[in-house]
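Chemist: sharing a model prediction with you, sequence too.
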Amino acid sequence: MIVNEIFRRFSEQTPMPVMVRALLERTFHPERLDAWFEQTAEVQYTRELLFSTLFELMSHVVCQVRRSVHDAYQAAEHIATSVGAVYRKLARIEPTTVAALVRYSAQESRAVMETLESSQPSPLPGYVVKILDGNALATTEHRLKALRPLRAGALPGKAVVVYEPARNLMVDLVPCEDGDTQERALLPALVETVQRGEVWLGDRNFGVTDFLVGIAAHGAYFIVREHEQIRFTPHEAMRDGGRMETGMVAEQRVVLTRAGQATLTVRRIAVRLDRPTRAGDTTVYLLTNLPAVVAPATVVARLYRGRWRLETAFQVLATALTSEIDTLAYPKAALFGFAVAVVTYNVLATAKAVLAQVHGADPIEQEFSDYYLAAELAAVAAGMAVALPAPEWQVFRILPLTEFVAFLLTLAHNVRLARFKKHPRGPKKLAPQRSYDPKHPHVATARLIAARK
């Protein structure tokens, strides 16, 4: 359903930016987003500056179309308020709104994927696996009056992200304005979101007895790395559990205790590694309440290794997108910027699911580069906005979902994957010992090259 000749040319020559723009228009067009905000916000309200305007400005920065919020504001022509009003509004966005925005985006992305009938097999067939990890936002500039006298790094906040590997979506977010808080302090909010039959994976920071008992109380399961502070009583000695790719596996039954009282019987699995971890650990201990008939010890260990999927997603946020904006010193504004990056990640994941439907899952999973995709979006966005102004995209707001997905698949056929091919580097070489002569703080590169020849 090509609207005009210009639209057709963009669809044929730069189909990925068109696909992403269409997905954004359908899910986050101003009328829908502002209506959603009015239903979600608890304290904040709208006068002249709409929530959709803030989202638009922040998305331009996150996608590297603009260098800062101020730059995005100056490029916009439809904002009647001052830039100061924009920053004041950003500084007041509620953490509950930030979390709800991520859940909303995951819900919309999931609807498109279900129409595509596109998802990777669950890491544990028959169960919904979720991975959680914390992300401490990088330090900001010392722009606030309270920060100017200090040399210490200013931490604008922290967030725990919930990731669903079968859909490649970040489905939930627990934001916190206190950058020094521990991740375990955010766990009570997560327990309330647990659904029966889910399997939650987490590192040792999530090995908190109350959290694990809460997951089990909701009829769900967990696999977490054992924290040294967790207390348990063994019910049996370690017994052999077989071998996996990285080492030998053993397990035993233990009872988690709290204040000396038994709380939950779980399996304790030891993975004796062939090679130590980067921290020097030779054995990794895992705790799980999954039945052995569902997940033998080696399966549990492999599931835990799958946590790298979320770490890879965080890398996309840090390199392909601008998820941590160092000029946003107010915690609420910084957390909102991070949430918009997470939402954008979900949009890109949806676009990649469309590509996988046409080009196959393995090429997209193994060879498609999010970095080059984000680079093309940034390069094309400004020109496409001029050639195809906002009214040209409004058709995607009302298009039936099946027709919308059919249009996305048509775009996917036009994508040349070679333009987005990954170029993974080999293993890093050991850096040589560097010398420094204070009498000669600079060197001429050309002379050194000539001397080496």
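Modeler: Cool, the structure landed.
Chemist: output the helix or strand residue 310 falls within as PDB, nothing but the C-alphas.
Modeler: Secondary structure assignment for residue 310, by DSSP states H and E: helix 308-319. Presented in PDB, the C-alpha positions along helix 308-319 are these (Å, rounded to 0.1, in the frame of the first residue of the first chain):
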ATOM      1  CA  TRP A 308      24.100 -13.200  27.900                       C
ATOM      2  CA  ARG A 309      21.100 -12.400  25.700                       C
ATOM      3  CA  LEU A 310      20.200  -9.500  28.000                       C
ATOM      4  CA  GLU A 311      23.800  -8.400  28.300                       C
ATOM      5  CA  THR A 312      23.800  -8.200  24.500                       C
ATOM      6  CA  ALA A 313      20.600  -6.200  24.500                       C
ATOM      7  CA  PHE A 314      22.200  -3.700  27.000                       C
ATOM      8  CA  GLN A 315      25.200  -3.400  24.600                       C
ATOM      9  CA  VAL A 316      22.800  -2.400  21.800                       C
ATOM     10  CA  LEU A 317      21.300   0.300  24.100                       C
ATOM     11  CA  ALA A 318      24.800   1.600  24.900                       C
ATOM     12  CA  THR A 319      26.400   1.500  21.400                       C
END
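Chemist: regarding this protein, what is its longest helix?
Modeler: Longest helix in the chain, counting residues (DSSP state H): helix 331-359.
Chemist: pLDDT of that helix, averaged?
Modeler: In this model, helix 331-359 has an average pLDDT of 96.
Chemist: just want the angle from it to helix 308-319.
Modeler: 120 degrees (axes from the mean of the first three to the mean of the last three Cα atoms, to 10 degrees).
Chemist: tell me the first helix or strand C-terminal of helix 331-359.
Modeler: helix 361-367.
Chemist: and the contacts of the very next helix or strand once past that following helix?
Modeler: If you walk from helix 361-367 toward the C-terminus, the next helix or strand you reach (DSSP H and E) is helix 370-387. Helix 370-387 has contacts (Cβ atoms under 8 Å, 6 or more residues apart in numbering) with 6, 10, 14, 16-18, 20-21, 60, 63-65, 316, 319-321, 348, 351, 419-421. Any C-beta I mention is one placed from the backbone N, CA and C, and that applies to glycine too.
Chemist: got the contact list for residue 348?
Modeler: Counting by Cβ under 8 Å, 6+ apart, residue 348 makes contact with 20, 316, 370, 373, 374.
Chemist: rebuild those as CSV, extending it with neighbour count, pLDDT and distance to residue 252.
Modeler: Compiled in CSV, the contacts of residue 348 are given as follows (neighbours: other Cβ atoms under 10 Å; pLDDT from 0 to 100; distance: Cβ to Cβ, whole Å):
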residue, neighbour count, pLDDT, distance to residue 252
20, 23, 96, 49
316, 20, 93, 38
370, 21, 93, 41
373, 22, 95, 46
374, 21, 93, 46
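Chemist: residue 150 and residue 142, how far apart?
Modeler: The gap separating residue 150 from residue 142 is 7 Å, by Cβ to Cβ, to the nearest Å.
Chemist: ok, those two, which is more surrounded?
Modeler: Per other Cβ atoms under 10 Å, whichever of residue 150 and residue 142 has more neighbours is residue 142, with 16 against 9.
Chemist: circling back: and the contacts of helix 370-387, which of them are in helices?
Modeler: Those of the contacts of helix 370-387 lying in helices (DSSP H): 6, 10, 16, 17, 18, 20, 21, 60, 316, 319, 348, 351.
Chemist: taking the contacts of residue 348 together, which two end up most distant?
Modeler: When these are compared pair by pair using Cβ to Cβ, the two farthest from each other are 20 and 316, 14.0 Å apart.
Chemist: contact partners for the nearest residue to residue 90 once chain neighbours are set aside?
Modeler: Closest residue in space to residue 90, ignoring its immediate chain neighbours: residue 333 at 3.9 Å, by Cβ to Cβ, 6 or more residues apart in numbering. The contact partners of residue 333, taken as Cβ under 8 Å, 6+ apart, are 87, 90, 91, 93, 156.
Chemist: can you put the residues you listed in JSON lines and add pLDDT and secondary structure?
Modeler: As requested, those are arranged in JSON lines below (pLDDT from 0 to 100; DSSP: H, G, I helix; E, B strand; the rest coil):
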{"residue": "87", "pLDDT": "94", "secondary structure": "helix"}
{"residue": "90", "pLDDT": "94", "secondary structure": "helix"}
{"residue": "91", "pLDDT": "94", "secondary structure": "coil"}
{"residue": "93", "pLDDT": "93", "secondary structure": "coil"}
{"residue": "156", "pLDDT": "95", "secondary structure": "coil"}
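Chemist: centre of the chain to the helix or strand where residue 129 lies, how far?
Modeler: Secondary-structure assignment from DSSP H and E places residue 129 in strand 128-136. For strand 128-136, the separation from the chain centroid amounts to 9 Å (computed by Cα atoms, centre = their mean, to the nearest Å).
Chemist: between it and helix 331-359, how many degrees?
Modeler: Taking the same axes, to 10 degrees, one finds that strand 128-136 is oriented at 140 degrees with respect to helix 331-359.
Chemist: what sits up against strand 128-136?
Modeler: Residues external to strand 128-136 that are found in contact with it (Cβ under 8 Å, 6+ apart): 122-123, 155, 158-166, 171, 179, 183, 186, 190, 195, 197-203, 205-206, 303, 306-307, 309-311, 314, 338.
Chemist: and if you look at stretch 82-102?
Modeler: By Cβ under 8 Å, 6+ apart, stretch 82-102 touches 37, 40-44, 48-49, 53-54, 57-58, 69-70, 73-74, 79, 170-177, 328, 330, 332-333, 335-336, 338-340, 342-343, 346.
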